[in-house]
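sequence and computational prediction follow.
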Amino acid sequence: MRPVLLLIGLFACMALPALAGPVIETRFSEQCALNSNEPALRVFDDAASWHAFRAETPLPAFSRRLDWRRQRVLVFTVGIRPTPGYSLTLKASRLRRSDQTLLLDVAEQGPPADAFLPQMLTQPCLAIVLRKAAWRHVQVSDVDSGRGLLIGPESGI
């Protein structure tokens, strides 16, 4: 009986998606310096490029100092929105790897329909700190619709 249970456990593990590495921390900002009307993603692997980006983007600070030898930051935006009040949330406690593709499920929350908001362009973005791994592509999907928002970048990860 014991070999049968071991075999069932092995097949169950093979059916689960591989875990690429845990998300260490996320931060949201209503304004981002990715300057894109469409969904966009940028990967930061070093302190110099991250600090230059942070000088242009009012992201809240992470709770811990970044360890660039072991960590990287992914910044994702859905593009330009007509008012404040939009937010982004990563809807997974871990990221999954599929054929060297990092899969992110993100939810966008809009402002309440009856909210009185100024008409000003915003660019909501989400910064995600995670452990470094050998990913070659990143795919971001809208968790509510299942629609793919972005696939990229081809290199630099």
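Okay, I see it.

show me the strands in the chain, by range?
18-29, 40-44, 71-77, 87-90, 94-97, 101-109, 125-131, 137-142, 148-152 (DSSP state E).

deepest-packed of these, please.
Comparing the strands of the chain by mean neighbour count (mean count of other Cβ atoms under 10 Å), strand 71-77 comes out on top with a mean of 23. Where you see a C-beta, it was placed from the backbone N, CA and C, and this is true even at glycine.

got the angle between that strand and strand 125-131?
Computed by axes from the mean of the first three to the mean of the last three Cα atoms, to 10 degrees, the angle separating strand 71-77 from strand 125-131 equals 160 degrees.

which strands or helices does strand 71-77 pack on?
With contacts defined as 3 or more Cβ pairs under 8 Å, 6 or more residues apart in numbering; DSSP states H and E, the packing partners of strand 71-77 are strand 40-44, strand 101-109, strand 125-131.

that older thread, need the strands of the chain in CSV with distance to F62 and mean pLDDT, can you?
Rendered in CSV, the data for the strands of the chain read as follows (distance: least, Cβ to Cβ, whole Å; pLDDT from 0 to 100):
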stretch, distance to F62, mean pLDDT
strand 18-29, 5, 72
strand 40-44, 12, 91
strand 71-77, 8, 92
strand 87-90, 14, 92
strand 94-97, 17, 59
strand 101-109, 18, 88
strand 125-131, 6, 90
strand 137-142, 20, 84
strand 148-152, 23, 73
